[in-house]
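Q: generate a structure from the sequence data that follows.
(2 chains)
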Amino acid sequence: MKPEELLYAKTHEWVAIAEENGTKVATLGISAFAVEALTDLVYIDLPKVGQKVEAEQPFCEVESVKAVSDVYSPLEGEVIAVNDALPDALETLGSDPYGEGWVAKIKIADEAGLANLMDHTAYTKQCEES
Amino acid sequence: MKNTHDTQSIFELSKPGRRAARLPACDVPERKISDLLPAAAIATAPPALPELAEPAVIRHFVNLSTQNMSVDTHFYPLGSCTMKYNPKRNERAAAMPGLADLHPYQPAETLQGMLEMLYELQEALQEISGLEACSLQPAAGAHGELAALLVAAAYFRDLGENRTKVLVPDNAHGTNPASAAMGGFEAVTIKTTSDGFVDLDDLDANLDDQVAVLMITNPSTLGLFEPNMQEIADRVHRAGGLIYLDGANMNAILGISRPGDFGADMQHYNPHKTFSGPHGGGGPGAGPICVTEKLAPYLPAPVVVKESRVAGCESREEKRKAGDSRLTTHDPQLPLFRLDYDRPKSIGRVRSFFGNVGVLLRAYAYIRSHGPDGLRRVSENAVLNANYLLSRVKHILPVPQGNRCMHEFVASAADIKRDKNISAMDMAKRLLDFGYHAPTVYFPLTVPEAMMIEPTETESKETLDAFAETLFRVTEEEANLLHEAPHSTPVSRPDEVRAARQPVLSYPE
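A: Numbers count the residues shown, from 1 in each chain, chains lettered A, B, ... in the order given. Got it, this is the predicted structure:
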């Protein structure tokens, strides 16, 4: 996926919206900026398939050599897939954050959270200002 | 400059048959071990111990000891850790045979000197904190946090209130939310403003009748005294909650402001920071806690109490001053110190025996050798040194929060990272080559590329000047040189990811 075409949360998650079998599905990942800021990653605690997630609430944890950080779901919904390959290949989060480094797919229950997301230009600006 | 003198492990130095000592010939009749022990207790192969001659053992460990960076060898501006010099008189005091050789099962009557010192330490810590009761049991600062939160939980249970939340500002030490979770509470993060202070609107938004405790570090991890401290305490108290003060940064306020006076109901001390206890090595540590009178019944039992054996009895010290020679512990004129277990509302023990007495005695020696005025001067000089270093460092690296600080400040390498691709980690590693322990990096998390610098009161102006000049020199160096630093240590950059994911915890593997 091209980073320019994605939406971003202010907490540094990226979102790609697509239709799958008539339902709206969001693919979530962690932005390249955030992965670099986290420094060297050692562990990811993925959500479980079937788990309900709430908008702007943590649904996943990543641990680096420096700190444990929450990953927030930008939208309310249900986890329908997780990237099982990630725990054993955390380097993918850095090498291909917008492709092979995806974290989870969520069946969207409420689109209200979409309004709070930024496009790539606005997100890049946020990163430069931080 | 590349590392060539890697230290071998003592197992790698081992040669079969080498030995440091020969036992004398056995002068009692020998018996077979199988006659003395059951088969299950007898090893089938000897343990894999290294075999070396005495000089090789001595050289190995002496050389290892020189690889260490310590306050005794280097300036150690590790923010949040208060790496002040540890006066050697504390070590001598704690090692005196009358203290070091005591056995914890001795009757209290034979431990009066030690118990008296622990009692006086309780009193001193209460006075410094402005709180009314103390427990010396917790074995570390975070253990003190947990013990205090369990005290709060017991207090609310006694009141019949079901409070489930602990509020923690986002620049707190990670131990705060961890202690809250361990104590059975839900940790809720409170935002801080761009100035580094508690966001009062976010506090209000999260303050309700479910909040048991707000844990606050004041002065904060940014080295700032919370200007709204009283207001924050008032709001939490109005909502029925308690204020917990993380005492990590007490070194900035000794004898100047007391947590009990600015609204704290509980606090812990880190004696290894504030009262010059030894750091590191995995302990033993101590994390005494002080609380208000209403929380005192819930403190861990036992506590050291002082009892008069006869009415109007004087202290041992007063008697000594008056030239009274009858100073045996059995003197009925003297007060008796004992461990009070009769505390029905106590949360119970959190540590065996008396806590880690050796560390507590060092703190006692430090407090008594400084006295109230001396402790105040400690804090004044700690703050003065930090502000002096801040005034130099801010011309080298931006310090986002403030032109002034308390005991420490947090510089940011974000600009130099963007412009020259030199990170806080690179600079920290390079400082090792110049004989400085690195500052704390990447904490607090609210400052990008954070470098947290705390000089403490025990450093001279010359040391601070030399450090600032070295820091400036490092920022002027080539990025490539820094990316591979340190160049002068036996190990350059350990693989932290592999160390975390595939740790090797034994030898041989």
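Q: A:Ala32 contacts A:Gly99, correct?
A: No. Assessed by Cβ atoms under 8 Å, A:Ala32 is found out of contact with A:Gly99, at 11.2 Å. C-beta coordinates here come from the backbone N, C-alpha and C atoms, glycine included.
Q: out of these two, which sits in the more crowded spot?
A: Taking neighbours as other Cβ atoms under 10 Å in any protein chain shown, A:Ala32 and A:Gly99 compare with A:Ala32 leading, 19 against 11.
Q: ok, for the more buried one, nearest residue in space, not its chain neighbours?
A: The shortest distance from A:Ala32 to any non-neighbouring residue, by Cβ to Cβ, 6 or more residues apart in numbering or on different chains, is to A:Pro97 (4.6 Å).
Q: A:Leu86 versus that neighbour, what's the distance?
A: Distance, A:Pro97 to A:Leu86, by Cβ to Cβ, to the nearest Å: 11 Å.
Q: repeat for B:Lys429
A: For B:Lys429 relative to A:Leu86 (Cβ to Cβ), the value is 29 Å.
Q: and the next helix or strand past the biggest strand by length in chain B?
A: Secondary structure of chain B per DSSP state E: the longest strand is strand B:211-217. Next helix or strand after strand B:211-217 toward the C-terminus (DSSP states H and E): helix B:229-238.
Q: quick one: that next one to strand B:211-217, angle?
A: 160 degrees (axes from the mean of the first three to the mean of the last three Cα atoms, to 10 degrees).
Q: could you give me the buried positions within helix B:229-238?
A: B:229, B:232-233, B:235-236 (16 or more other Cβ atoms under 10 Å in any protein chain shown).
Q: what about the chain, any weak spots by pLDDT?
A: Assuming you mean chain A. Of all residues in chain A, those with pLDDT under 70 make up the ranges A:130.
Q: you looked at the wrong chain, it should be chain B
A: Using pLDDT under 70, chain B drops low at B:1-7, B:280-283, B:310-332, B:509.
Q: what residue spans form the domains of it?
A: Following automatic domain parsing, chain B resolves into domains at B:1-65, B:90-297+B:353-366, B:373-498.
Q: and the longest helix for the chain?
A: Chain wasn't specified; assuming chain A. Using DSSP state H to define each element, chain A has its longest helix at helix A:120-129.
Q: let's do chain B instead
A: Criterion DSSP H: the longest helix present in chain B is helix B:357-393.
Q: can you report how many residues neighbour residue 23?
A: In the absence of a named chain, chain A is used. 12.
Q: that's the wrong chain, I wanted chain B
A: So B:Leu23, with other Cβ under 10 Å, has 6 neighbours.
Q: up against chain B, what does chain A have?
A: A:37, A:39-43, A:65-68, A:130 (Cβ under 8 Å from any Cβ of the partner chain).
Q: try 6 Å
A: A:40, A:42, A:65-66 (Cβ under 6 Å from any Cβ of the partner chain).
Q: the spatially most central residue of chain A pairs with what?
A: When Cα atoms, centre = their mean is applied to chain A, the residue found nearest the centroid is A:Gly29 (2.7 Å). Beta-bridge partners for A:Gly29, by DSSP bridges, are A:Trp14.
Q: which among the domains of chain B is found nearest to chain A?
A: domain B:373-498 (4.1 Å; Cβ to the nearest Cβ).
Q: what about the closest one, start to end distance?
A: End-to-end distance of domain B:373-498 (Cα to Cα, to the nearest Å): 50 Å.
Q: tell me if it is near chain A.
A: Yes. For domain B:373-498, a contact with chain A is found by Cβ under 6 Å from any Cβ, at B:442, B:496-497.
Q: what's the PyMOL line that selects buried ones from those residues?
A: Buried residues among these (16+ other Cβ under 10 Å), as a PyMOL selection:
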select buried, chain B and resi 442+497
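Q: B:Gln267: what's it in contact with?
A: B:129, B:245, B:247, B:259, B:290 (Cβ atoms under 6 Å, 6 or more residues apart in numbering or on different chains).
Q: my guess is the fourth one contacts B:Ser129. True?
A: Okay, so that is B:Pro259. Yes. Counting by Cβ atoms under 6 Å, B:Ser129 is a contact partner of B:Pro259 at 5.1 Å.
Q: what does stretch B:370-382 contact?
A: Outside stretch B:370-382, the residues within contact range by Cβ under 6 Å, 6+ apart are B:251-256, B:407, B:456-457.
Q: chain center to it: distance?
A: Centre-to-centre, stretch B:370-382 and its host chain are 19 Å apart (Cα atoms, centre = their mean, to the nearest Å).
Q: repeat that for stretch B:430-442.
A: Relative to its parent chain, stretch B:430-442 has a centroid offset of 20 Å by Cα atoms, centre = their mean.
Q: and what of stretch B:95-110?
A: In terms of Cα atoms, centre = their mean, the centre of stretch B:95-110 is found 25 Å from the chain centre.
Q: how about the CA coordinates for that stretch, as CSV?
A: Provided in CSV are the C-alpha atoms of stretch B:95-110 (Å, rounded to 0.1, in the frame of the first residue of the first chain):
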residue,chain,number,x,y,z
ALA,B,95,29.8,-2.5,58.6
MET,B,96,30.4,-2.2,62.3
PRO,B,97,30.3,-5.7,63.9
GLY,B,98,27.7,-4.6,66.4
LEU,B,99,25.4,-4.0,63.5
ALA,B,100,26.6,-6.2,60.7
ASP,B,101,26.9,-9.4,62.8
LEU,B,102,23.4,-9.2,64.4
HIS,B,103,21.1,-12.2,63.8
PRO,B,104,17.5,-11.4,62.9
TYR,B,105,16.3,-14.0,65.4
GLN,B,106,18.0,-12.4,68.4
PRO,B,107,15.6,-11.3,71.1
ALA,B,108,14.7,-7.6,70.8
GLU,B,109,16.3,-6.9,74.1
THR,B,110,19.7,-7.7,72.6
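Q: walking through chain A, point out its strands one by one.
A: Counting by DSSP E, chain A has these strands, from start to end: A:7-8, A:13-20, A:23-30, A:41-45, A:52-53, A:57-64, A:68-73, A:76-82, A:104-110.
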